[in-house]
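Predicted coordinates and the sequence they were generated for:
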Amino acid sequence: MPTFFDALAVRIAVHAGKPVGETILYFGCRHKNEDYLYEDELIKYKSEGLLTKLYVAYSRDQAEKVYVQHLLEQNGEEVWKILDKGGHIYVCGSVF
């Protein structure tokens, strides 16, 4: 099964310099300091425009647990608009 990074590499190679629609990544993990292993890479992809938006949920870094599904629910209207316009939504994270 291809990973998000595999899909992003294909996107970069195939669509180099061409508009391909918005791309949003939802990433979830327990602790930012322990589990957000690709933080630098993901921030770089966002700053370079490969990711339109990056949403991150940490389930154990605050009193109230925040999961990716909470962010998806909060941004439901945006998600449908992006998909309707041919954009891409990726959901990634650690599973324990």
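Now that the structure is in, tell me what you want to look at. Numbering: from 1, shown residues only.

All the strands of this protein, residue numbers only.
In the chain, the strands defined using DSSP state E lie at 23-29, 53-58, 88-93.

Out of those strands, flag the one nearest Asp6.
Asp6 lies closest, by Cβ to Cβ, to one member of those: strand 88-93, at 11.2 Å. To be clear about C-beta, it is placed using only N, CA and C from the backbone, and glycine gets the same treatment.

Could you tell me how far the residue sitting furthest away from the middle of the chain is located from Asp35?
Most distant from the centre of the chain: Ala63, at 23.3 Å, with distances by Cα atoms, centre = their mean. Here the distance between Ala63 and Asp35 works out to 18 Å (Cβ to Cβ, to the nearest Å).

tell me which residues in stretch 65-79 are buried?
Val66, Val68, Leu71, Leu72, Asn75, Glu78, Val79 (16 or more other Cβ atoms under 10 Å).

Let me see the ranges of the helices in the chain.
Ranges of helices in the chain, per DSSP state H, are 4-14, 32-35, 39-47, 68-74, 76-84.

List the buried residues for the second one?
Neighbour-count burial for helix 32-35, counted by 16+ other Cβ under 10 Å, picks out Asp35.

ok, the closest residue to Val66 other than its chain neighbours - how many residues close by?
Spatial nearest neighbour of Val66, excluding adjacent residues (Cβ to Cβ, 6 or more residues apart in numbering): Ala57 at 4.6 Å. Using other Cβ atoms under 10 Å, the number of residues around Ala57 comes to 19.
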